[in-house]
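Engineer: what's the 3D shape of this:
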Amino acid sequence: MTPEMKLIARMGEIIADPAHPLMAAAIGVIKDGNILFSDAVGSKQLGGDAATGDTKFRIASISKLITATGVWQLIEQGLVDPDGDASRYVGFQLRNPHHPDTPITVKMLLSHTSSIRDGGVPGSYNIPLGHHISEFFTEGSPCYIQRCWAPAAEAPGEFFAYCNMNYCLLGSVIENVSGERFDRYMVNHIFAPLGLTCSFNVSDMRSEVQVQVGTLYRKLDKTGECDPINGVWTPQCDDFSDGYPREDYSGYVIGTNGSLFGPMGSLRVSVKELCRIMALFCQGGGQILKPETVEKMFSPAWTYDPHRKNGDTYLGMMNCYGMGPHIFTNRAMGDKIVANRDLPFAGHTADAYGLLGGMLFDRKRGNGIVYIVAGTGSDKNEYFGKYSAFYGWEEDLLTAAAAYAQFNY
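Structural biologist: Okay, the predicted model is just below:
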């Protein structure tokens, strides 16, 4: 059996675990800058076609690293100052009321040190069409979130707390500076130049691309709780069984609501495409960014200090962050990627709507792993990993990918 066949077989075992089943899983591997493997097992939709390396999933927060790439293009062109007041680019005065004289910068948005909070309300950062993104911070607005600001002790630029609204605001930065709608900017300046058909907007995809989008599921009982034995695979996102959307955005004013096209998590992309993007970063940015820009982007902007307790590490998973990338430190029972070695990787992970994923890589040596868990059949919070803060499926896929790759560390 070839190494590829062994990896496919192991992926099949992972998704078929009766206690923790999956609808689909995908792995991509690059080594020394070359794509060695990119494929999927399982189903694209329940009872439908098999998932493949070309199946596009809503990749959740891995999207943030791609959004950051768009922001860095504008920084590279001198159109955005990362240390300047973000208010200049979002179209309204952005200030923490506890620190009214402290500008919130683009760098703070990129590195989650802005002091903005999602308020503990799932989806609160999805501002609907017809509303301005500033309403998230405007008391009395239907989009207002009461806990949208950190307490005074967690000042802008000093405390890390992962926050989706940071990247919604960065979507507004891209729109206001470029004059293009966020989803179309990303296609025009990142995806199309690379020959990729991924997009933040399913309704803008060509019909032959739309059919590549896979549905995300959870296996739920009648009460909505996860049940791997008696539950039913229930669509959570991208269920197009009644037809693909054709949204009318003709009334949208560019720059008013960067959250609308999901810069924080709505990219539909395949494992093959993510491998292409990962390899591009390992090549210094290719035609998308200059090497010196990539270096700045991946340099630490925040590092956890256990004495100062200067951030929320999310059970030890987040200990270091750049201006877009999550930088891994390989702490045991924290952000350790594989059990038997330390991998000096950076990138981003993802968790939403029954999807878990990651795009993790070493730019210097051209090594990396993409993994996608598409459709969880058991409660993820009852399936934690054995050596890290990753979930069990994630550890299994990362371990299988690393064993296949035989990285030299």
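Engineer: contacts and neighbour counts: CA atoms only from here.
Structural biologist: OK.
Engineer: hang on, residue 280 is in a strand, isn't it?
Structural biologist: No. Assessed with DSSP: H, G, I helix; E, B strand; the rest coil, residue 280 is helix; it does not lie in a strand.
Engineer: Might you report the residue contacts of it?
Structural biologist: residue 286 (CA atoms under 8 Å, 6 or more residues apart in numbering).
Engineer: repeat for residue 145
Structural biologist: 118, 119, 124, 136, 137, 139.
Engineer: Please tell me how far it sits from residue 193.
Structural biologist: Between residue 145 and residue 193 the distance is 38 Å, computed by CA to CA, to the nearest Å.
Engineer: How are the helices of the stretch 51-200 of the chain distributed by residue range?
Structural biologist: 62-76, 87-90, 106-111, 164-178, 182-186 (DSSP state H, counting those that start in this stretch).
Engineer: now for the last one, which elements pack on it?
Structural biologist: Where contact means 3 or more CA pairs under 8 Å, 6 or more residues apart in numbering; DSSP states H and E, helix 182-186 is packed against helix 164-178.
Engineer: which strands and helices sit next to the helix it packs on?
Structural biologist: Checking 3+ CA pairs under 8 Å, 6+ apart, helix 164-178 ends up next to helix 62-76, helix 87-90, helix 106-111, helix 182-186.
Engineer: For those helices, state which one has the densest average packing.
Structural biologist: helix 106-111 (a mean of 27; mean count of other CA atoms under 10 Å).
Engineer: Need the residues that contact that helix.
Structural biologist: 68, 81-86, 114, 156-157, 160, 166-167, 169-170, 301-302, 321-324.
Engineer: would a markdown table of the helices of the stretch 51-200 of the chain with distance to residue 28 and mean pLDDT be doable?
Structural biologist: Compiled in a markdown table, the helices of the stretch 51-200 of the chain are given as follows (distance: least, CA to CA, whole Å; pLDDT from 0 to 100):
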| stretch | distance to residue 28 | mean pLDDT |
| --- | --- | --- |
| helix 62-76 | 14 | 98 |
| helix 87-90 | 36 | 98 |
| helix 106-111 | 26 | 98 |
| helix 164-178 | 26 | 98 |
| helix 182-186 | 22 | 98 |
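Engineer: Ok, which of those helices comes nearest residue 281?
Structural biologist: When the helices of the stretch 51-200 of the chain are compared for distance to residue 281 using CA to CA, the nearest one is helix 62-76, at 10.0 Å.
Engineer: Return the member of the contacts of residue 145 nearest to residue 335.
Structural biologist: Of the contacts of residue 145, the one sitting nearest to residue 335 (CA to CA) turns out to be residue 118, at 23.0 Å.
Engineer: What does the nearest residue to residue 346 once chain neighbours are set aside show for phi and psi?
Structural biologist: The shortest distance from residue 346 to any non-neighbouring residue, by CA to CA, 6 or more residues apart in numbering, is to residue 327 (4.3 Å). Residue 327 adopts backbone torsions of phi -100, psi 120, taken as degrees, to the nearest 10.
Engineer: now the helices: where do they sit in the stretch 201-350 of the chain?
Structural biologist: Under DSSP H, counting those that start in this stretch, the stretch 201-350 of the chain gives helices at 207-210, 271-282, 291-297.
Engineer: Adding mean pLDDT, write these out as TSV.
Structural biologist: Below are the helices of the stretch 201-350 of the chain laid out as TSV (pLDDT from 0 to 100):
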stretch	mean pLDDT
helix 207-210	97
helix 271-282	97
helix 291-297	98
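Engineer: Quick one, which of the ones you listed gets closest to residue 249.
Structural biologist: Here helix 207-210 is closest among these (CA to CA), at 18.3 Å.
Engineer: by contact count, what packs against that closest one?
Structural biologist: Against helix 207-210 (3+ CA pairs under 8 Å, 6+ apart) you get no helix or strand.
Engineer: any idea how far the residue of the chain positioned farthest from its centre is from residue 144?
Structural biologist: Relative to the centre of the chain, the most outlying C-alpha is that of residue 1, 34.2 Å out, by CA atoms, centre = their mean. Distance check for residue 1 against residue 144: by CA to CA, it reads 57 Å.
Engineer: What of residue 238?
Structural biologist: 27 Å.
Engineer: again with residue 2
Structural biologist: For residue 2 relative to residue 144 (CA to CA), the value is 55 Å.
Engineer: Next up, phi/psi of residue 211, please.
Structural biologist: Here is the backbone geometry of residue 211 (degrees, to the nearest 10): phi -70, psi -10.
Engineer: quick one: terminal-to-terminal distance for stretch 317-333?
Structural biologist: 8 Å.
Engineer: Sorry, wrong one. I was asking about stretch 228-244.
Structural biologist: 29 Å.
Engineer: can you list contacts of that stretch?
Structural biologist: 18-21, 46, 58, 202-203, 210, 213-222, 353-354, 377-378.
Engineer: Do I have it right that residue 59 meets residue 357?
Structural biologist: Yes. Using CA atoms under 8 Å, residue 59 is in contact with residue 357, at 7.1 Å.
Engineer: Those two: which is more packed in?
Structural biologist: Ranked by neighbour count (other CA atoms under 10 Å), residue 59 and residue 357 place residue 59 first, with 31 against 25.
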